[in-house]
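K.L.:
missing the sequence, but the structure's below:
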């Protein structure tokens, strides 16, 4: 089992930045899982944002968000991060951290094996 706990969300203004954190605990095998960030806005389906390989050497991003959001992981601290820059009102959503079995799965939300509870990000105009 893997437990994920997100933090760092909040209410910000358009143009601001936030850094989300996801602390991972449980089986040591988690360190070999690709980790992803996804989000879900009200009335919309869960959306892939970015993922990072177990080594941290490979990252993938949703094309629409690449350049503003940056994913990283610090395995020594059991933590995955998502830096959100130049936030826009349409970025308002609950942001989730999740673990997948392989990098081939990370763009598809239903294929993730473990999920955190999410952290709310609200961006005002």
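P.N.:
Received, thanks. The shown structure was predicted, so the numbers you read here are calculated from the model rather than taken from an experiment.
K.L.:
and the longest strand for the protein?
P.N.:
strand 18-26 (DSSP state E).
K.L.:
quick one: contacts of that strand?
P.N.:
Contacts made with strand 18-26 from outside it, assessed by C-beta atoms under 8 Å, 6 or more residues apart in numbering, are listed as 1-10, 12, 30, 35, 37, 78-84, 87, 95, 97, 99, 116, 119, 121. C-beta: built from backbone N, CA, C; applies to glycine.
K.L.:
try 7 Å
P.N.:
Strand 18-26 is contacted by residues 1-10, 12, 30, 78-84, 87, 95, 97, 116, 119, 121 when judged by C-beta atoms under 7 Å, 6 or more residues apart in numbering.
K.L.:
can you tell me the centre-most residue of the chain?
P.N.:
Here the mean C-alpha position of the chain is nearest to the C-alpha of residue 37 (C-alpha atoms, centre = their mean), at a distance of 1.9 Å.
K.L.:
many thanks, I have nothing further to ask.
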